[in-house]
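# Below: sequence and its predicted model.
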Amino acid sequence: MPHPLISQDDIATYARDGVAVIRGLFAPHIERLKAGIARNMTEPGPYAAENLHTHEAGRFFDDYCNWQRISEFESVIRDDTIAEAAADLMQSKTVQLFHDHVLVKEPGTSKPTPWHQDSPYYFVDGHQMISFWVPLDAVSEATLRCVAGSHLWPKPVLPTRWLAETSFYPNSDDYIPVPDPDAEGMDIREFPMEPGDAVAFHYRVLHGARGNTSDARRRAFSLRLLGDDARYVQRPGPTSPPFPDHGMTPGDRLRTDWFPILR
């Protein structure tokens, strides 16, 4: 039986569009995640970034790979019901953790999250992959925006460095330029959301977000998970997250001591 919050329509929508919204999936964990993000911002990890130039107003903080040192994150990640929902949407028997990600836009942060796909930054690929993007504050304008069907595009989108706006890898000809979905009339899915709702989206889905011009914070927790067919792939340069000295070779499943099996 599928997860009680996951319908057959959700499963079909995720397969077709690469994005679906699941209302209330993380609702039991809101206060725990708020505490974890507060701790993360007070004690940032080695990959923490401030994504604004000095002349830009507000604050756009992000950090990832902190679940092993922030117990609030780990307790949420270990919730069997979340892994069950991921398995249903991916149509996978297994669910493996890739990493956690925190993104915070303080009030008055006009900078958008650039349009991008996650997959080109990662050293893992496959069809059965899923992210949950979970706001801890009610969002409308500053919600996640996803281009439906972009996970099925034949060529990936060029990964760039968000501040420098330069190519992440040297082989830029292997990618298509970053599109402008609004100007090009693409099918953009965006959802007004309450705390604990989750956007489920495929690693290859083109996505971004507007700035936060409201007078309220926009805190988001994102969880990256893998299914049965996910395998290590070698990219033409350091990946993000980098996970140095992992010891894997192309075609390997990700090592379970670093990336635990959740289901």
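Now that the structure is in, tell me what you want to look at. Residues are numbered from 1 along each chain as shown.

# Sketch out the low-pLDDT regions of this structure for me.
Across the chain, the ranges flagged by pLDDT under 70 are 1, 163-164.

# all helices for this structure, in order.
Using DSSP state H, the helices of the chain run over residues 8-17, 30-42, 71-77, 80-90.

# Excluding chain neighbours, what is closest to residue 237?
Nearest non-adjacent residue to residue 237, counting by C-beta to C-beta, 6 or more residues apart in numbering: residue 169, 4.7 Å away. Quick note: C-beta positions are derived from backbone N, CA and C, even for glycine.

# Isn't that neighbour up against residue 159?
Yes. Using C-beta atoms under 8 Å, residue 169 is in contact with residue 159, at 6.7 Å.

# Give the residues shared as contacts by these two.
Both residue 169 and residue 159 are contacted by residue 120, under the criterion C-beta atoms under 8 Å, 6 or more residues apart in numbering.

# quick one: which of those two has more around it?
residue 159 (22 against 17; other C-beta atoms under 10 Å).

# Could I get the contacting residues of the more buried one?
When contacts are counted by C-beta under 8 Å, 6+ apart, residue 159 touches 116-117, 120-121, 167-169, 175.

# Repeat the analysis, applying 10 Å as the threshold.
Listed by C-beta atoms under 10 Å, 6 or more residues apart in numbering, the contact set of residue 159 reads 116-122, 167-169, 172, 175, 178, 235, 237, 239-240.

# among those residues, which ones are buried?
The neighbour-count test (16 or more other C-beta atoms under 10 Å) marks 116-122, 168-169, 175, 178, 235, 239-240 as buried among those.

# okay if I get these as TSV plus distance to residue 96?
Below are the buried ones among the contacts of residue 159 laid out as TSV (distance: C-beta to C-beta, whole Å):
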residue	distance to residue 96
116	23
117	20
118	16
119	16
120	20
121	18
122	13
168	24
169	25
175	26
178	29
235	19
239	17
240	19
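
# In strands only, show me those residues.
Counting by DSSP state E, these place residue 116 in strands.

# ok, the buried ones among the contacts of residue 159 vs residue 250, which is closest?
Nearest to residue 250 among those: residue 235, at 10.3 Å, using C-beta to C-beta.

# shouldn't the closest one be in contact with residue 243?
No. With contact defined as C-beta atoms under 10 Å, residue 235 does not count as touching residue 243 (11.7 Å).

# which residues are in contact with both of the two?
What both residue 235 and residue 243 touch, as defined by C-beta under 10 Å, 6+ apart, is the set 122-124.

# how about CSV for those residues, with distance to residue 62 added?
Listed next are the shared contacts of residue 235 and residue 243 as CSV, based on distance: C-beta to C-beta, whole Å:
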residue, distance to residue 62
122, 15
123, 19
124, 19
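
# Name the nearest of the residues you listed relative to residue 97.
Closest approach between the shared contacts of residue 235 and residue 243 and residue 97, by C-beta to C-beta: residue 124, at 11.5 Å.

# and the closest one, what does it touch?
Applying C-beta under 10 Å, 6+ apart, the residues near residue 124 are 96, 98, 203, 224, 226, 230-233, 235, 239, 243, 248, 252-254, 259.

# quick one, what contacts residue 139?
105, 190-195, 197, 209-210, 212, 214, 216, 218-220.

# right, I mislabeled it, should have said residue 14
Neighbour list for residue 14: 6, 20, 22, 88-91, 130, 151, 200-202, 205 [criterion: C-beta under 10 Å, 6+ apart].

# ok, now with 6 Å
If you count contacts by C-beta atoms under 6 Å, 6 or more residues apart in numbering, residue 14 has them with 20, 89.

# Tell me the bridge partners for the closest residue to residue 25 other than its chain neighbours.
Leaving aside its sequence neighbours, residue 25 sits nearest to residue 198 (C-beta to C-beta, 6+ apart; 4.3 Å). Beta-bridge pairing for residue 198 (DSSP bridges): residue 22.

# what about residue 198, neighbour count?
Applying other C-beta under 10 Å, we find 27 residues neighbouring residue 198.
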